[in-house]
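Colleague: got a predicted model here, sequence first, then my questions.
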Amino acid sequence: MAGTLLEPFAGWFARRGWVPRAHQLDVLAAARDGASVLLTAPTGGGKTLAGFLPSLVDLHEGPCPGLHTLYVSPLKALAADIARNLMAPVEEMGLSISVDTRTGDTSTAKRKQQKEAPPNILLTTPESLAVLVSQPEAASFFATLKAIVVDEVHALAGTKRGDQLALGMARLAVLAPGVRRIGLSATAAHPQALAAFVSDDGRGGGVRLVAVSGGAPPAIEVMLPEGRLPWSGHMGLASAPLVLERIRAAGMTIVFVNTRAQAELMFQELWKLNEETLPIAIHHGSLEPDQRQKVERAMAAGALRAVVATSSLDLGIDWGGVDQVLQIGAPKGVSRLLQRVGRANHRMDEASRAILVPANRFEVLECEAAIQGVADGELDGDAPRPGGLDVLAQHVLGVACAGPFLPEELYAEVRRASPYAELSRRDFRDVLEFVEHGGYSLQAYHQFRKLFRDSEGRVQVVGERVARQHRMNIGTIVEEPMIKVRLAGRGGGTLGEVEEYFVNGLVEGDTFMFAGRLLRFLRLRETWIEVVEGGGGEPKVPAYAGGRMPLTTNLAARVRAMLNDPATWPSFPEPVQEWLRLQKSLSRLPGKEGLLVETFPRGDVHFLVAYCFEGRNAHQTLGMLLTRRMERMGFQPLGFVATDYVLATWSAQPPTDVARLFEEDMLGDDLEAWMAESSMLRRTFRNVAVIAGLIERHHPGQEKSRRQVTVNSDLIYNVLRKHQPDHVLLRATRADAAGGLTDLGRIAEFLRRIQRRIRHVSLSRVSPLAVPILLEIGRESVRSGEGDDALLAEAETLVAEAMGEVAPPGPSPRRQEPRRVPADRRQGRLSLR
């Protein structure tokens, strides 16, 4: 233990009955030596206090005006929570230290006040930091900066927000030489990569690793719905009665779900059953800031019994009064599960209590595999990838908005940010040229000219208009264009935002669920819709693009291993064990390393079911490529559907020579042809173009509609593909495609692994393991829950068919020529009756 605490800090700890932990003193000692630190510790280990303690001590021993410490959080809610908790020791010790927050929710007046009189400690987000470093006053504002504290480093490294933050920290190292850094992380699957992220050389140099082990292991159990175990679906609404029972039996519960649509549905289901009107709230990122903050304050005050939440409450918020966490649906990763479990108790020496509530049979397997992963201490998640060139383009323009720069100096600066440590001169040159004039194919267009070089070779922004529009468009989270939801009438407030495409499908009188309320659509105004509460009919639920997290590679491998090892089956409930025994006897089980493919006829079509276990994103792309290859081989594919576990196609002709369908050259000509017409690649390009500043969504006094953004990006995409296929934004798009919505990198590894390990089983009827995917094909809407009578009847028919108790349906007496479906539109629905 290399550090000691003096008064008033020693007395403050003593009055609270605390003893400083060894890692808190180690971080303090490192700060006194001027060293940067990466601290990894279990939830509840006092990481946040460890991160701020050196700053509090430094400011007490040597008070100084201006900004001393910058705290960066991935969540606005986390920054606000830390500000509340940080004020407690400041006020109780009588320290003359000012603390404030700066996020997208901060008022204009407050921002002006901070600019004129910076607080000693400023809590912010990566986006707000990017705005601050783009200001002409950035050099003077950050001149006194001594420390940067980055919370939840693991949630930022390897993401575009992390790229943005790393570039921002590299800029701060120039504006405030010698600034030290502290990275805080609860989970660290790749600690050396996180150390590089925290370091000021981008390679981990000078960073002390402080790793805290131990802590009470979490107590995790699986809870199944009463009655039948669902075959398919992912909402978990059948378990709502049991969820409410658990809420009743505890003081405070966080009910985590995986999507915002699922949050709305589960909240409504709980509220229907909540006869005693227990105080239950909903919290997700599309709600108005005021509403989210109201829920957070109620949680902090202990006024709620439960909150239904998405990842908006995943990270580090110190809700010390939370008794238990319920995870509805499978967790998708061990690290993600640990993060959520850690919200309960939030104390290192006490076990966090969590209950996993799988929504279907495959999710039972995933939940049990995740529990085993936690027990084995196996953290998962991919290593951070190289930084995005689109994010770099945004940063280059931001630097120019703050003042002129020399390209060679900026290149050296950028390479000290870990995501860009290996950035080539060619990539930097091409990014700079793109920001200057759009690149070779676009330089004739005046609107793409944003930078110029003066006689000394310094790069400068063209004018204040460009700088102003840049600041309005800063950020790397590209969502679908959003429409405000407002209650009609005098005093009707704003409830939050839904995506524009959802609004386009509404007609007057339609009802939908949002913000925990049943709303009726009245009309669309310029950038908002007017609604009233109440209404009849079957309500819709807003869905949000990209909301589902894919199954991690490590957890998928665990599921395959457990399927292959009957010795692990006793951990599964009896219905799941029976399901697997039936599969083993009637077909075979998926292999640990290879690929099981089943084919069988049903009615007029032929099904191919591949048990890939590579996650929904990878399966959707694989489905596009697979049906393209099936068409070339004459099988006349009609469609496909993907889950996290399985990919199924249906075709007019029976697939044969299955191994050829999954050859590695699928990522050659098939991929190139698909990329030329794929709406998914166009969408990826649109996101890249928005981040890079090629397409500006926000303008003073106006918002671009989704259609305007899409039309503009599609036109530019076509021009670049034709005239400059190596354009830097097309390179950025392909890099994103390797790991984003298309997940090409994971597909490539999957195809490599399964070569010469493909087992094709030709069946006369559906297999037990294929029943869930066929039910997904038949599921018509998000409201067709697990209790739907027609779906239940279909499940019973399929199970009876799989067991040979009934014959599968034969072909129609008058077979028609199948309708051909374009390759990029084959994912869809098929009636199984």
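Modeller: Ah, there it is.
Colleague: host element of Glu436?
Modeller: helix 425-437 (DSSP states H and E).
Colleague: what packs against that helix?
Modeller: Packing contacts for helix 425-437, counted by 3 or more C-beta pairs under 8 Å, 6 or more residues apart in numbering; DSSP states H and E, involve helix 389-402, helix 407-414, strand 451-453, helix 728-737. Placement of C-beta: from N, CA and C, glycine included.
Colleague: mind listing the strands in the stretch 501-650 of the chain by residue range?
Modeller: Taking DSSP state E, counting those that start in this stretch to define them, one finds strands in the stretch 501-650 of the chain at 511-514, 517-524, 528-533, 595-602, 605-611, 637-642, 647-651.
Colleague: can I get those in CSV with mean pLDDT, distance to Arg161 and mean neighbour count?
Modeller: Supplementary listing: those in CSV, determined by pLDDT from 0 to 100; distance: least, C-beta to C-beta, whole Å; neighbours: other C-beta atoms under 10 Å:
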stretch, mean pLDDT, distance to Arg161, mean neighbour count
strand 511-514, 79, 26, 21
strand 517-524, 83, 31, 18
strand 528-533, 85, 27, 17
strand 595-602, 94, 35, 22
strand 605-611, 94, 34, 23
strand 637-642, 88, 27, 24
strand 647-651, 92, 30, 25
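Colleague: now those in a markdown table, with distance to Arg734?
Modeller: Output for these, formatted as a markdown table (distance: least, C-beta to C-beta, whole Å):
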| stretch | distance to Arg734 |
| --- | --- |
| strand 511-514 | 37 |
| strand 517-524 | 37 |
| strand 528-533 | 37 |
| strand 595-602 | 26 |
| strand 605-611 | 25 |
| strand 637-642 | 22 |
| strand 647-651 | 23 |
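Colleague: between these, which one is closest to Gly329.
Modeller: Counting by C-beta to C-beta, Gly329 lies closest to strand 637-642 out of those; the figure is 16.5 Å.
Colleague: and the angle from the closest one to strand 647-651?
Modeller: Using axes from the mean of the first three to the mean of the last three C-alpha atoms, to 10 degrees, the direction of strand 637-642 lies 160 degrees away from that of strand 647-651.
Colleague: CA atoms of stretch 352-361 as PDB?
Modeller: Output for stretch 352-361, consisting of C-alpha atoms alone and laid out as PDB, is shown next (Å, rounded to 0.1, in the frame of the first residue of the first chain):
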ATOM      1  CA  SER A 352     -25.400  -9.500  -6.000                       C
ATOM      2  CA  ARG A 353     -28.700 -11.300  -6.500                       C
ATOM      3  CA  ALA A 354     -29.900 -11.800 -10.100                       C
ATOM      4  CA  ILE A 355     -32.700 -13.800 -11.700                       C
ATOM      5  CA  LEU A 356     -32.500 -14.700 -15.400                       C
ATOM      6  CA  VAL A 357     -35.900 -15.100 -17.200                       C
ATOM      7  CA  PRO A 358     -35.400 -16.800 -20.500                       C
ATOM      8  CA  ALA A 359     -38.100 -16.200 -23.100                       C
ATOM      9  CA  ASN A 360     -37.800 -19.500 -25.000                       C
ATOM     10  CA  ARG A 361     -36.000 -22.800 -25.000                       C
END
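Colleague: buried residues in that stretch?
Modeller: Residues 352-361 are the ones in stretch 352-361 that count as buried (16 or more other C-beta atoms under 10 Å).
Colleague: in helices only, show me these.
Modeller: Arg361 (DSSP state H).
Colleague: let's have the buried residues of stretch 352-361 in CSV, adding pLDDT.
Modeller: Formatted as CSV, the entries for the buried residues of stretch 352-361 read as follows, by pLDDT from 0 to 100:
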residue, pLDDT
Ser352, 79
Arg353, 86
Ala354, 88
Ile355, 90
Leu356, 91
Val357, 91
Pro358, 90
Ala359, 87
Asn360, 87
Arg361, 89
